[in-house]
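K.L.:
need a structure here:
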Amino acid sequence: MPLGAKIRGSHLGLVMHLFPRLLTLALGAVLLGPVIGTLQPVSAASVTVKLPKTTQKGAQNINKASFDDLVNVPHFNPGLSRAVVDGRPWKSVDDLLNRKNYFDYKDQSNLKKALEEGYLFFKK
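P.N.:
Here you go, the predicted model:
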């Protein structure tokens, strides 16, 4: 009896379509299983910033600066500027840099650079 003879014609196409994918998943599980078992979850560590004692000439207040002012801050781009404006009010540097799922790694890094270099400041 040929392979798949007991499978109805309409199901044979589905089996033939899924077989390579299932084989790939099975091989992946066998090959990557030991590696995946050794991975440790990454904890969400808070980002810290060493703020400068003085700010740059023309530094911007993070809670008051307009979108156009923020676009001109070194390390900023229009997307980051819009996110900063839309996320206001920022209560602290910690709130700005560690708000859960708000900034991606690159934007967080650019914010940190701008703060550490004195281009941005907080004023209560």
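
K.L.:
what bits of the chain have low per-residue confidence?
P.N.:
Applying pLDDT under 70 to the chain picks out residues 1-18, 22-23, 25-46, 124.

K.L.:
let's go with 80 and repeat that
P.N.:
Scanning the chain for pLDDT under 80 picks out 1-49, 123-124.

K.L.:
how about the strands in it?
P.N.:
Applying DSSP state E to the chain gives strands spanning 60-61, 120-121.

K.L.:
of the ones you listed, which approaches Val85 most closely?
P.N.:
With respect to Val85, and counting by CB to CB, the nearest of the strands of the chain is strand 60-61 at 11.3 Å. To be clear about C-beta, it is placed using only N, CA and C from the backbone, and glycine gets the same treatment.

K.L.:
show me where the protein has helices.
P.N.:
With DSSP state H, the ranges of helices along the chain come out as 9-38, 67-71, 78-86, 93-98, 105-116.
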